[in-house]
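# let me see the structure of the following:
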Amino acid sequence: MSAPITLFHISDLHFGREDRRALDWAAQAIAAERPAAVALTGDLTMRARHREFAAANAWIGGLAAPVTIEPGNHDLPYFNLIERFFDPYRRFRAIQGLLEREIDLGDLHVVPLQTVTRAQWRFPWVDGWVRESALAATLAAIDALPEGTRVIVTAHHPLPEHAANGQTLTIGGTRAMAELARRRPLAVLTGHVHDPFDLTAETAGGPLRMIGAGTLSQRVRSTPPSFNELRIVGRDVSVRVRNPEAVATAAMLVDAVPETALPPQKD
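Predicted coordinates:
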């Protein structure tokens, strides 16, 4: 059996509204424990401002582990629409090599799936959309791996296409989940909603495990700032939700994918 592998799954740093204490604590954990890789599943910034990217880049550049980054909806320019439509990832240039990077850990690969889009028929442009070209690229990357390779997929938005109330969440998510399930990844890692979860969805292609990370920002929803520690032994993935408040994992995990990153309305 392959040796155990530890990954840190971190999301929604939101520089501009970051939690400095939580960020320092997470960086110290990475330096001390040296995970095999860090998967950052988007929303590095609050409004994609240059100063926010500079701060995010400095923090990411100091991490003591290989990193892969998925862009989040907050990371596309808000105020410069020309740049948003014609060069949306220009502000990632200092960390371009980490953006949507496939990580090779021997017989375990981390494969990206893009869910952000420059625009869509819904406004504001915050929800997910798995376009056919993005899904095709991810499936091709998985299909090109040697038989038996274990795969973890990273994306920003959780993939469920509809909420319980019928609200559309991630366009194209139903098809994406089914096609991914047919390839039996260990899990799909996402962010966006600021609460951690570990759920298995039944799809037309079979079961699909979905693991969401919380936030390391001040924009908390119903749980304190956190990140996920994944320990992988064979095809078994255990999830520990790490947080500075030392709340137990069982109390941190929500029992459904939240529809929004915004805090619930108080009565």
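# who's in contact with whichever helix in the chain runs longest?
Ranked by residue count and defined by DSSP state H, the top helix of the chain is helix 20-33. The contact list for helix 20-33, computed with CB atoms under 8 Å, 6 or more residues apart in numbering, reads 6, 8, 10, 13, 38, 59, 62-65, 216-217, 225, 227, 242, 244. (Glycine included, C-beta is placed from N, CA and C.)
# at 10 Å what do you get?
With contacts defined as CB atoms under 10 Å, 6 or more residues apart in numbering, helix 20-33 is touched by 6, 8, 10, 13, 15, 19, 35, 38, 55-56, 59-60, 62-65, 67, 214-218, 220, 224-227, 229, 242-245.
# among those, which are in helices?
Those of these mapping onto helices are 55-56, 59-60, per DSSP H.
# any low-confidence regions in this protein?
Applying pLDDT under 70 to the chain flags residues 1, 119, 121, 123, 264-267.
# hmm, back to that, buried only: go through the contacts of helix 20-33 for me.
Among the contacts of helix 20-33, the ones that count as buried by 16 or more other CB atoms under 10 Å are 8, 10, 13, 15, 19, 35, 38, 55-56, 59-60, 63, 67, 214-217, 220, 224-227, 229, 242-244.
# stretch 73-86: which residues count as buried?
Within stretch 73-86, the residues that count as buried by 16+ other CB under 10 Å are 73-78, 84.
# biggest separation within these, which pair?
The distance between the two most remote of the buried residues of stretch 73-86 (CB to CB) is 12.2 Å, for His74 and Arg84.
# tell me, what's touching these two both at once?
Ala48.
# circling back: can you put the ones in helices among the contacts of helix 20-33 in a markdown table and add distance to Asp127?
Shown next, in a markdown table, are the ones in helices among the contacts of helix 20-33 (distance: CB to CB, whole Å):
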| residue | distance to Asp127 |
| --- | --- |
| Ala55 | 26 |
| Ala56 | 22 |
| Trp59 | 27 |
| Ile60 | 25 |
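# and the residues you listed, which is closest to Ile152?
When the ones in helices among the contacts of helix 20-33 are ranked by distance to Ile152 (CB to CB), Ile60 comes first, at 19.3 Å.
# I figured the closest one was touching Ala54, is that so?
No - assessed by CB atoms under 10 Å, Ile60 is found out of contact with Ala54, at 11.0 Å.
# between these two, what contacts are shared?
Overlap of the contact sets of Ile60 and Ala54 (by CB under 10 Å, 6+ apart) consists of 15, 94.
# neighbours of Val233, how many?
12 (other CB atoms under 10 Å).
# and if you look at Glu102?
15.
# now it: closest residue in space that isn't a chain neighbour?
The shortest distance from Glu102 to any non-neighbouring residue, by CB to CB, 6 or more residues apart in numbering, is to Val111 (5.5 Å).
# quick check, the one you found in a strand?
Yes - Val111 forms part of a strand when assessed by DSSP: H, G, I helix; E, B strand; the rest coil.
# picking that back up, and the buried residues of stretch 73-86, which is closest to Trp129?
Nearest to Trp129 out of those is Asn73 (CB to CB; 9.9 Å).
# for the closest one, phi and psi?
Per-residue torsions, Asn73: phi -60, psi -30 (degrees, to the nearest 10).
# now do the strands in the stretch 151-267 of the chain.
187-190, 197-203, 206-212, 227-233, 236-242 (DSSP state E, counting those that start in this stretch).
# give me the element Ala134 is part of.
Assigned by DSSP states H and E, Ala134 belongs to helix 132-143.
# show me what that helix is packed against.
In terms of contacts (3 or more CB pairs under 10 Å, 6 or more residues apart in numbering; DSSP states H and E), helix 132-143 is packed against strand 108-112, strand 150-154, helix 173-181.
# and the second one, which strands flank it?
The partner list of strand 150-154 in its sheet, established with DSSP bridges, is strand 108-112 (parallel), strand 187-190 (parallel).
# what angle sits between the longest one and strand 227-233?
Spelled out, that is strand 108-112. Note on geometry: by axes from the mean of the first three to the mean of the last three CA atoms, to 10 degrees, strand 108-112 and strand 227-233 are set 140 degrees apart in direction.
# spatially central residue for the protein, please.
Thr41 (2.5 Å; CA atoms, centre = their mean).
# that residue: what's it in contact with?
Neighbour list for Thr41: 9-12, 68-72, 112, 115, 154-158, 188-192, 211-213, 228 [criterion: CB under 10 Å, 6+ apart].
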